[in-house]
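>>> predicted model, plus sequence, below.
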Amino acid sequence: MQMCILIFVGNNGETYFNTAALVSCVQNFPKSRGPVVGILKGFAGLSGAILTQIYTMIHFPDHASLIFMVAVGPAMVVIALMFIIRPVGGHKQVRPSDGLSFTFIYSVCLLLAAYLMGVLLLEDLVSVSHSLVTIFTVILFFLIIVPIVIPVVLSFRDEPRDPAEEFLLPKPEQQEVGKTGQDAQEQEVIFSEVEDEKPKEVDLLPASERQKRIAQLQAKLCQAAAEGAVRVKRRRGPHRGEDFTLMQALIKADFWLIFFSLLLGSGSGLTVIDNLGQMSQSLGYDNTHIFVSMISIWNFLGRVGGGYFSEIIVRDYAYPRPVAMAVAQLVMAVGHIFFAMGWPGAMYIGTLLIGLGYGSHWAIVPAAASELFGLKKFGALYNFLTLANPAGSLVFSGVIACSIYDREAEKQAHQHHIGPQISGTSSIFSGMFSQDEPLKCEGSICFFLTSMIMSGFCVVAAVLSLVLVYRTKIVYAHLYGKSRT
C-alpha cells in the first residue's frame, strides 16, 4: 500500500512538470508547435536512458540509492529552472533566427541519439571499465548542455526587427467614448456570424481575395443588423481553432477522433514496449536489453521527427497535421506484422518501426490539439488525451496480449507434459516441477495473433486520423494558408 501511494504521488508530480513545461513552451512558440513538442517529448522519452547512464557511472551498491537519485535529481533541476522559464509575448515569440536555432537543436538531438545508441550497445555487448563509463557520461552531459548556447547567444545579441512586425504586434484595445460593453459584445457577435454564414469556398480563395470577400460580408451584415433587417443570433460555442474548455471539447467529434486514434495507435505501441522482453525471448534472443535500449532510441527519434515533418506539412502545404499521425500508424501496422511473422531480423525491424511510430504520436497529438482547440485550456485538454495511452495499454496488454500468451504457453506445456506419459517415464514428478515454474512460450506463435490484432487496430486508427484530416482541411487552410501566400 505504501509503495502504491508513493508511485501515485511520483507519477502525478511528473505529469504536472510535463504539463507545465509543455504548455509554457507551446505558448511561447505558437508558430513552431511541432518542433517544440517534438523536442520536449523526445527528451522526456530519452530521460530513462540518460538516468541509466548516470547511475552506471555513479555505480551505487544498492537500489535505494538509485531511487534517491531519481527523487532528488529532477526536483533540483525544477527548482533551478523555475525562476528562468516564463511566458513571453509580442515579437519575442517569433524571431528570424528560429529556423536556424531549431535546426541546431535537431542536429544535437540526432547526435545525442546516435551517441546513446552506440554507448548502450557497447556496454551491453562488451565489458567496459568504470573509467571508460565515466568518460562516456561526461560526453553525454556535454551534449545535453550544448543547446543552452542558443538562449545565451540570443540574450546578448539584438536581432534586427522588420518594421512590418511593429504593425502586427497587438495593441491595447481602445474603446470609443460612449461605447458601452454591451455594444462591444454585440459587435463581436456580429463579426463572429461571418464565420457561420460565409460560403465554404471563401476559405479556398487567396488571402487577399478572401479578406476582401469577408470585409464585404461584414459590411453588409453590420448594415442589415443596424436597420433591423436581420436578427443576430448568439454563438453557442467556439469554432475550431479557437479556445475551448475541456467540457466544450468533450462534445466535439474531432476531439474524440483524436482520442480514439491515439488510444488505438499508442496503446498498441505501448503493448509492444511492455512485452518486448517476452517477445524477444520467445523468438530465441537471449540479450533482451538490446531491444529495450533500441526502442528507447527509436521512440526518441520518432518524437523529434514527428514534430519536424508534421510542421513541414502544415507550414509548407497548409495540410492538416493529423495526416502525419495516419502515416505513423500505418508504419506501426507494418511493424506489428514483422513481429507476428518472426522472420530472421524481424525484431530489429519491428522495434525500429514501432518505436518511430509510437514516438510520433506524442509530438503530433499535442500540437494538433492546440491548433484545433486553442491554448487557453491546453493543459486540461492534453492531460485528458493522455488517458488514452494507459487505457489502450490496459486493454491491449492486460487483456489481449496476456491472455493469448498464457493460452499458447499452456498449450506448449501440455504438449511437453504428454510426451513423458507416452514414453512411460515419471510424468508425476515432471508435472510437480512444472507447476512451480512460470509458463513460457517459444516461437513466433506466442505473439502472432496479438501482433495481427494490433496491426488491425493501427489500420483503424489511421482511418480515424484520415477522417479527422477530411474534417479539418478548411481549418488548417485558414490557419496556415495565409503564411503561404
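That came through fine.

>>> need the pLDDT of E227.
According to the prediction, E227 has pLDDT 61.

>>> over to N389?
90.

>>> where does it fall, secondary structure wise?
helix 388-395 (DSSP states H and E).

>>> may I see the buried residues of that helix?
A388, N389, A391, G392, S393, V395 (16 or more other C-beta atoms under 10 Å). Yep, even glycine has a C-beta here, placed from its N, CA and C like the rest.

>>> low pLDDT regions in the stretch 51-200 of the chain?
Applying pLDDT under 70 to the stretch 51-200 of the chain picks out residues 59-62, 89-93, 158-200.

>>> next: the stretch 351-485 of the chain.
Confidence mapping of the stretch 351-485 of the chain against pLDDT under 70 gives the ranges 417-437, 482-485.

>>> can you do 80?
Applying pLDDT under 80 to the stretch 351-485 of the chain flags the ranges 415-439, 481-485.

>>> quick one: the strands in it, in order.
Counting by DSSP state E, counting those that start in this stretch, the stretch 351-485 of the chain forms no strands at all.

>>> can you show me the CA trace of the helix holding N389 as PDB?
Extracted as PDB, the C-alpha positions of helix 388-395 are listed here (Å, rounded to 0.1, in the frame of the first residue of the first chain):
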ATOM      1  CA  ALA A 388      -5.800   7.200 -24.000                       C
ATOM      2  CA  ASN A 389      -2.300   5.800 -23.500                       C
ATOM      3  CA  PRO A 390      -2.800   3.800 -20.300                       C
ATOM      4  CA  ALA A 391      -6.400   2.900 -21.300                       C
ATOM      5  CA  GLY A 392      -5.100   1.300 -24.500                       C
ATOM      6  CA  SER A 393      -2.300  -0.500 -22.700                       C
ATOM      7  CA  LEU A 394      -4.800  -1.800 -20.100                       C
ATOM      8  CA  VAL A 395      -7.000  -3.300 -22.800                       C
END
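
>>> what does it contact?
With C-beta atoms under 8 Å, 6 or more residues apart in numbering as the contact definition, helix 388-395 has outside contacts at F259, F260, L262, L263, L264, S266, G267, S268, L270, T271, D274.

>>> 10 Å instead?
Here helix 388-395 makes contact (C-beta atoms under 10 Å, 6 or more residues apart in numbering) with 258-271, 273-274, 358, 361-362, 365, 397, 401, 457, 461.

>>> from I258, how far off is E311?
Per C-beta to C-beta, to the nearest Å, E311 is found 18 Å from I258.

>>> what do you get for L40?
Per C-beta to C-beta, L40 is found 19 Å from I258.

>>> of the two, who's got more company?
Using other C-beta atoms under 10 Å, the more surrounded residue of L40 and I258 is I258, with 26 against 22.

>>> now do the same contact list for the closest residue to L112 other than its chain neighbours.
Using C-beta to C-beta, 6 or more residues apart in numbering and skipping residues adjacent in sequence, the residue nearest L112 is L143, 4.8 Å away. Neighbour list for L143: I50, V108, C109, L111, L112, A113, Y115, L116 [criterion: C-beta under 10 Å, 6+ apart].

>>> please apply the same query to V119.
With the criterion set at C-beta under 10 Å, 6+ apart, V119 makes contact with A49, Q53, T56, V128, L132, V133, F136, T137, I139, L140, S293.

>>> mind listing which of those residues are in helices?
Assigned to helices by DSSP state H, the following of these qualify: A49, Q53, T56, L132, V133, F136, T137, I139, L140, S293.

>>> generate a ChimeraX selection restricted to the buried entries among those.
Entered in ChimeraX, the line below selects the buried ones among the ones in helices among the contacts of V119, by 16+ other C-beta under 10 Å:
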select :49,53,56,133,136,137,140,293
